[in-house]
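K.L.:
no letters, just coordinates:
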């Protein structure tokens, strides 16, 4: 099977409309805030992985997973849970980095989707 993740939307507007609000302006504001707050957190998480700072990886992954879950971005939230668990186990960075790479890929796609939705 080919990599279909490129075609799969990570932001589920139906989920957002049904579970958060059916007002598009509110959803757009929420996604804008999500983007701003998580860009810095992603940088911190990447730095923590690079530095093998397990405590920081655990804290950042835990913090971020809630944000992703609340907006219905389940696949990325599950990757963050994996990162959190790997950090708890103090796994080798060779085990952590591939998961971080997937989180980075998802996050780039999410930012692209947000920018498209917001017309940026």
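P.N.:
Received, thanks. Just so you know, these numbers come straight off a predicted model, no measurement behind them.
K.L.:
show the average pLDDT along the lengthiest helix in the chain.
P.N.:
Across the chain, the helix with the greatest residue count (assigned by DSSP state H) is helix 24-50. For helix 24-50, mean pLDDT is 96.
K.L.:
what's the helix or strand just after it packed up against?
P.N.:
Once helix 24-50 ends, the next helix or strand along the chain (criterion: DSSP states H and E) is helix 54-70. Under the contact criterion of 3 or more C-beta pairs under 8 Å, 6 or more residues apart in numbering; DSSP states H and E, helix 54-70 touches helix 24-50, helix 74-88. Bear in mind the C-beta positions are built from the backbone N, C-alpha and C, glycine included.
K.L.:
quick one on the thing from earlier: tell me the buried residues in the longest helix of the chain?
P.N.:
Going by neighbour count (16 or more other C-beta atoms under 10 Å), the buried part of helix 24-50 is 27, 30-31, 34-35, 38, 42, 44-46, 48-49.
K.L.:
and it, how far from the chain's centre?
P.N.:
Relative to its chain's centre, helix 24-50 lies at 8 Å (C-alpha atoms, centre = their mean, to the nearest Å).
K.L.:
before we move on, what about stretch 107-120?
P.N.:
Here stretch 107-120 is found 13 Å from its chain centre; the criterion is C-alpha atoms, centre = their mean.
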